[in-house]
Structure formats: structure tokens, C-alpha cells
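**Student:** this is a predicted model, with the sequence first.
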Amino acid sequence: MSLETTEGPEYRIQMTDICKSFGGVHALESVSLNVKRGEIYALVGENGAGKSTLMKILSGATIPDSGEIRIEGKTVHIHNPKMGIDLGVSVIYQELALMPDMSVTENIFIDRINTGMKIINWKQLHGEAKKILKDLGFEKISPSKKAADFSIAYQQIVEICKALSRNSFILVLDEPTAVLSTVETEQLFKLLKKLRDDGVSIIYISHRLKEIFQICDRGTVLRDGKNAGNVTISEIDEHTLVSMMIGRELQNYFPKRTSHIGEVIFEAKNIVRGTVVNDVSFTVHAGEVFGISGLVGAGRTETLMAILGEDKRDGGSIFIKGKEVGIHSPIDALKAGISLLPEDRKTQGVLLELPIMHNITISCLSKLCRIIGVIDGRRERETADRLIKKLRIKIGNPWDPCSSLSGGNQQKVSISKLLGADCAVLFFDEPTRGVDVGAKVEIYNIINEIVTEGYGVVMVSSEMPEIIGMCDRVAVMRNGRITGVLNKDELTEQNLIKYSMEVV
Ligand SMILES: Nc1ncnc2c1ncn2[C@@H]1O[C@H](COP(=O)(O)OP(=O)(O)OP(=O)(O)O)[C@@H](O)[C@H]1O
Ligand SMILES: [Mg+2]
């Protein structure tokens, strides 16, 4: 099938009146969407608006209750992902689906290797993989190496190659840049634009509105499972898009903070872990938001892990309120008064199979006991309700498993868990990853409240506007070292990039 074909109906994808309910939750109510060939189409909306569900329906991972799908003008019934792939639809999820121990070539041609081919001509396959990678401008990725040897950004490129090797001409990217740094995002965008110019239809889901304006042509806004409007991106501004998404005006994006910056409350001195964390020292004051910036792989998360005792430290010491504390495990860290919102909520943040309720209250269970060991059910419910309301977590029933929540709402559950614990210093690793604009502001407000109460906050973030908008001081890391600590008046994108790209 040629990608350049211009014959056929105006729209390559026509989804009409799609409905889908999960129990009592109407995830999608009569949603329609039309995408042309050779365009990048944005799908935006708050957490739980129904974006992923709509795309799962297009790819065959979820069956709709009603509605019609046409591809190239023909009505299709997509009952499973294999049918989706055969119809040319590939979805790239934020959680990558590569086999880490297999080579890049094996990953790209996995369908062909699994079926049909009796004798595999590796030389030929490596050659084909090399050609696809070269055509896309990524000759640096060696096809015979293991997928796990490459950064997440490159693994994502391999996923795209896999989709292209299947002749997919409809490519769905569900929050692809959540795990990428600015530079890597630029690389991805260059590739997406090239694919668009080759005629691929790309549906792009992201909570980073800047990106929508940077690469998308048209788009649909979903709100509470309904279509809140179709837009041509060049004709609207960010403010209008946000209002459409949340159904109201959003005032201050980075709310003002009135915290008083006090004494040093936390100090990390000469932290070392192998070669990934190299002599890292910094202090955090009470009432301060201290940022850690840098590219993916610069050692930001690793630094937090070494401090928290999650990874074994090879050197360095930690002080809370001037007193040295011995931390050898996350439990020691919690006892010393440090808690963490982890970067990867799927494996570390929430217990997916446990009810939402228990996930929220798990860190403060001891406070919810009237008699030792017996949880006061009413108090547990009240605590959970308060946090659900405060963070505006969109849930059906608090006894449903956490896995039934949309991605962003799982992140909010993870934050509520952190707030339940009582600590002097809170570490937030990518706190707003996958979270919608409205909820981002809620999270910023919560961070502001925390520091105003005199706690210290350490925030790792790949989103530069967030670092600039929220932090009092920022350490920039590169290759496991701090290359500079910037004060508020020095916080600009240029400075952050400068310190994260070169040793200064
Ligand atoms: N398997 C499921 N079981 C129960 N409810 C579900 C299931 N999948 C989705 N939902 C519900 O459907 C609604 C839409 O979820 P969806 O994942 O499509 O949202 P989203 O727009 O992708 O949000 P996010 O930006 O947070 O990823 C949510 O209320 C979610 O809880
Ligand atoms: Mg989603």
C-alpha cells in the first residue's frame, strides 16, 4: 500500500458516534472524529476525558458499545489489536512494549519472526532494519544491539520503526513525550513531521499544550467523554484550548507562593553511587522548592534513589535539620522524615490491584487506628474523601481497583498517598507527568501549601516551564554531576539547556 495515495475519501479515519461505558462510567458518549491523510491530529482533554479509550477502540484493544468506524471510506469492525494492525493502525503507548532482551531487528520484525518465516535470514533482516532506521535519520541505532541498551527515547523510535515495518499508515502516540527530555522531544517531532509529509495520519495525545501548538494541524477536545469541539490549531490560542478542555477559564498557571524561606532543613553531602551519581551535594531550606533539572539519564532520579536508600550508596552523608541520619533503605528514609513521589507510578507509585481507597490511605494507616492495629473505617473513608476532593481525582467507586483509573488520575492517587505521610522533606520525581492542565495547577497549589507550612520540597522535572515557574533554586545535572545551581533570577530555558548540555 502506497502512503502517498491521494485518491479516496477526504478523511482516512472516520469515527462516528462512538459510545463506551465501563459499568456506570460513561467513558465515551457519542464521540466523532475525522482525520485526513498526512496530518498530525491532536486529541486533548483532562485526565479521564476518554482519549486513551477512544484510541484503544481504533486499535481494536477495546470494543465500543456502539458507533461506526470507517477507514479509507470503508466500514470496519476492529475486534482485536491484530485486526487493527492489519488495517494499518499502530498505537505507541507511553509504557513501551519492546522486548528488552531482544535485538532492535527482532523487535522491529517480531510479527514476521513469530509467524511464517521458517528460516530467518538475519543478515537481510538487519539490513532492512538498518535501512528503515537510516531513512528516519537514526543510523546511530545499531540493529543488532539489544533494545535495552538504548535510551527510552531511542526505544520509542524503534517502536515507530516497528509500526512502519507493518505498513501502518495510522500512527497513534499516547503521551509519547512524557518520558522524553526537551532535546529528545525535538528529535521525535522532526520524525513525526517527516512521516506526516510522507502521508501518514498521526493522532497525537499529550498534556503538554506547547507541543500541540508546535506540531499539530487540527484536533479534537474531549471533555468528560464528550466531544467539546474540533479545532484548527493555527486558529486558536492556548488559553482558548484550555478553556475548552476544562470548561472554565484558568487563571494563574503557576500560582503565587507566599512561603517564608527559613533554615536549611535537608542536606545531601558528596553523594556517590557508581558512576551515575558523582559527588552530588545540595541543601534544601524549609519553605523552599528546590529543583533538579537535566536531560533524561543525567542522574536525577538516581540521585534521589541513592539518598533514599532505594539504591546502595557508595559514599556521602545526609542531614535532616543539621543532624546526620543513617539511611540504608526507604523505610529508614521515611523514619528520618523524607518521602518520595516516584517517577514511575506503574511500578512504584500505586498498587494497581488494590482498591483506590487503600491506595490513598496506605501511608497514614497508623493514624487511622483507634485501637492499635484496627483501622477506623469511617476515618479512613473521611481521609480518602478529603484527598479525593482536594486533588479532584475522578473516580467511580473508591472500592474499584486503582487499575481502572485513567493514567493521570493514578498519578493523583500516588500524590495523595504521599500527602498522607508526615515528613519534613518531600521528593517529587516528575510530579505532573501525564497530568492534565487543571490538575497540574492543583498539584502546584499543593506543593505551595506544603512549603508554606514549612516543609522542604525537592522536585525533579523534565518540563522546563514547570522548573522555572515553581522552583526557588535549581541544580542542573549532567553525567551524574551537578554542573550549576541557579537562583530564581537566573532561571531561563537558555541557562537550563546550557548547563545540561555542556560542562560549564
Ligand atoms: N478498563 C476500565 N475499567 C473501568 N473504567 C475504565 C477502564 N478504562 C477506562 N475507564 C474509565 O474511562 C474513563 C476514560 O479513561 P481514559 O483512560 O480513556 O482517559 P484519558 O483521557 O486517556 O485520561 P488520561 O489523560 O488520564 O490518560 C475514566 O473515567 C476511566 O476511569
Ligand atoms: Mg490516557
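**Tutor:** In hand now; what should we look at? Ligands and ions are numbered 1, 2, ... in the order given.
**Student:** avg pLDDT for stretch 23-35?
**Tutor:** When pLDDT is averaged along stretch 23-35, the result is 91.
**Student:** who touches Glu449 in this structure?
**Tutor:** Contacts for Glu449 were tallied using C-beta atoms under 8 Å, 6 or more residues apart in numbering; there are none. Heads up, the C-betas are built off the backbone N, CA and C, glycines and all.
**Student:** domain ranges for the protein?
**Tutor:** With domains defined by automatic domain parsing, the chain comprises 1-88+171-250, 97-166, 252-337+423-504, 351-421.
**Student:** lowest-confidence stretch among the ones you listed?
**Tutor:** Per-stretch averages of pLDDT across the domains of the chain put domain 351-421 at the bottom, with a mean of 78.
**Student:** what are the ranges of the helices in the stretch 401-504 of the chain?
**Tutor:** With DSSP state H, counting those that start in this stretch as the criterion, the stretch 401-504 of the chain has helices at 407-420, 437-452, 464-470, 493-501.
**Student:** need the winner for burial among the ones you listed.
**Tutor:** Per residue and on average, the most neighbours among these fall to helix 407-420, with a mean of 24 (mean count of other C-beta atoms under 10 Å).
**Student:** helix, strand or coil for whatever residue of the chain ends up closest to ligand 2?
**Tutor:** Taking C-beta to the ion as the measure, the chain has Ser52 as its residue closest to ligand 2, at 3.2 Å. Each residue gets one of three states, and Ser52 gets helix by DSSP: H, G, I helix; E, B strand; the rest coil.
**Student:** list the contacts for Ala298?
**Tutor:** Contacts were defined as C-beta under 8 Å, 6+ apart; by that measure Ala298 touches 477-480, 500.
**Student:** hmm, the host helix or strand of Ile18 in reach of ligand 1?
**Tutor:** Take DSSP states H and E as the rule and Ile18 turns out to sit in strand 13-22. Yes: Strand 13-22 reaches ligand 1 (C-beta under 6 Å from any ligand atom) through Phe22.
**Student:** I would like the residues contacting the following helix or strand past that strand, please.
**Tutor:** Toward the C-terminal end, the helix or strand that comes next after strand 13-22 (DSSP H and E) is strand 25-35. Under the contact criterion C-beta under 8 Å, 6+ apart, strand 25-35 has outside partners 10-21, 41, 43, 50, 53-54, 57, 64, 67, 170, 201, 203, 220, 222, 225-227, 396.
**Student:** among those residues, which ones are buried?
**Tutor:** 11-15, 18-20, 41, 43, 50, 53-54, 57, 64, 67, 170, 201, 203, 220, 222, 225-227 (16 or more other C-beta atoms under 10 Å).
**Student:** thought the residue of the chain closest to ligand 2 was touching Ile205?
**Tutor:** Yes: taking contacts as C-beta atoms under 8 Å, Ser52 lies within contact range of Ile205: 7.2 Å.
**Student:** which residues do those two both contact?
**Tutor:** Residues touching both Ser52 and Ile205 by C-beta under 8 Å, 6+ apart: Asp174.
**Student:** what segments of the stretch 251-400 of the chain are helices?
**Tutor:** With DSSP H, counting those that start in this stretch applied, the stretch 251-400 of the chain shows helices at 300-308, 330-336, 356-361, 377-390, listed in chain order.
**Student:** equivalent analysis for the stretch 1-150 of the chain, please.
**Tutor:** Under the criterion DSSP H, counting those that start in this stretch, helices of the stretch 1-150 of the chain are mapped to 51-59, 81-86, 104-108, 110-114, 122-135.
**Student:** quick check: angle from the first one to strand 13-22?
**Tutor:** Here the directions of helix 51-59 and strand 13-22 differ by 120 degrees (axes from the mean of the first three to the mean of the last three C-alpha atoms, to 10 degrees).
**Student:** how about the closest residue to Leu98 other than its chain neighbours, what does it touch?
**Tutor:** Nearest non-adjacent residue to Leu98, counting by C-beta to C-beta, 6 or more residues apart in numbering: Ala147, 4.6 Å away. Contacts here follow C-beta under 8 Å, 6+ apart; on that basis Ala147 touches 98-104, 107, 155, 158.
**Student:** quick one on the thing from earlier: tell me which of Ser52 and Ile205 has more neighbours.
**Tutor:** Comparing Ser52 with Ile205 by other C-beta atoms under 10 Å, the one with more neighbours is Ile205, at 25 against 22.
**Student:** now the more buried one, which residues is it bridged with?
**Tutor:** When bridges are assigned using DSSP bridges, the partners listed for Ile205 are Leu43, Asp174.
**Student:** same question for Met459.
**Tutor:** The partner list for Met459 in beta bridges (DSSP bridges) reads Gly291, Phe428.
**Student:** same check on Lys323?
**Tutor:** For Lys323, the beta-bridge partners are Ile320 (DSSP bridges).
**Student:** what's the local residue count around it?
**Tutor:** A count of neighbours around Lys323, defined by other C-beta under 10 Å, yields 8.
**Student:** can you check Thr75 too?
**Tutor:** Residues lying near Thr75 (other C-beta under 10 Å) number 10.
**Student:** I figured Val441 was touching Ile246, is that so?
**Tutor:** No: the criterion here is C-beta under 8 Å, and Val441 misses it with Ile246 at 9.6 Å.
**Student:** from the helices of the stretch 1-150 of the chain, which stretch is densest packed?
**Tutor:** When you average the neighbours per residue for each of the helices of the stretch 1-150 of the chain (mean count of other C-beta under 10 Å), helix 104-108 leads with a mean of 26.
**Student:** dump that one to CSV, keeping only the CA atoms.
**Tutor:** What follows is helix 104-108, C-alpha atoms only, in CSV (Å, rounded to 0.1, in the frame of the first residue of the first chain):
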residue,chain,number,x,y,z
VAL,A,104,16.4,-4.0,17.6
THR,A,105,15.9,-6.1,14.5
GLU,A,106,14.0,-8.8,16.3
ASN,A,107,11.7,-6.1,17.9
ILE,A,108,11.0,-4.4,14.6
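**Student:** list the contacts for the residue of the chain closest to ligand 2?
**Tutor:** By C-beta under 8 Å, 6+ apart, the contact set of Ser52 is 174, 205, 406-407.
**Student:** let's see it at 6 Å
**Tutor:** With contacts defined as C-beta atoms under 6 Å, 6 or more residues apart in numbering, Ser52 is in contact with Asp174.
**Student:** please apply the same query to Leu295.
**Tutor:** With C-beta under 6 Å, 6+ apart, Leu295 has these contacts: 181, 500.
**Student:** quick check: the gap between the spatially closest residue to Ser165 that is not a sequence neighbour and Glu453.
**Tutor:** Ranked by C-beta to C-beta, 6+ apart and with sequence neighbours excluded, the top spatial neighbour of Ser165 is Ile108, at 5.2 Å. Applying C-beta to C-beta, to the nearest Å, one obtains 51 Å for the distance of Ile108 from Glu453.
**Student:** for Asp400, which non-adjacent residue is closest in space?
**Tutor:** With C-beta to C-beta, 6+ apart as the measure, Ile356 is the residue that lies nearest to Asp400, at 6.0 Å, once sequence neighbours are left out.
**Student:** fine by me, thanks again.
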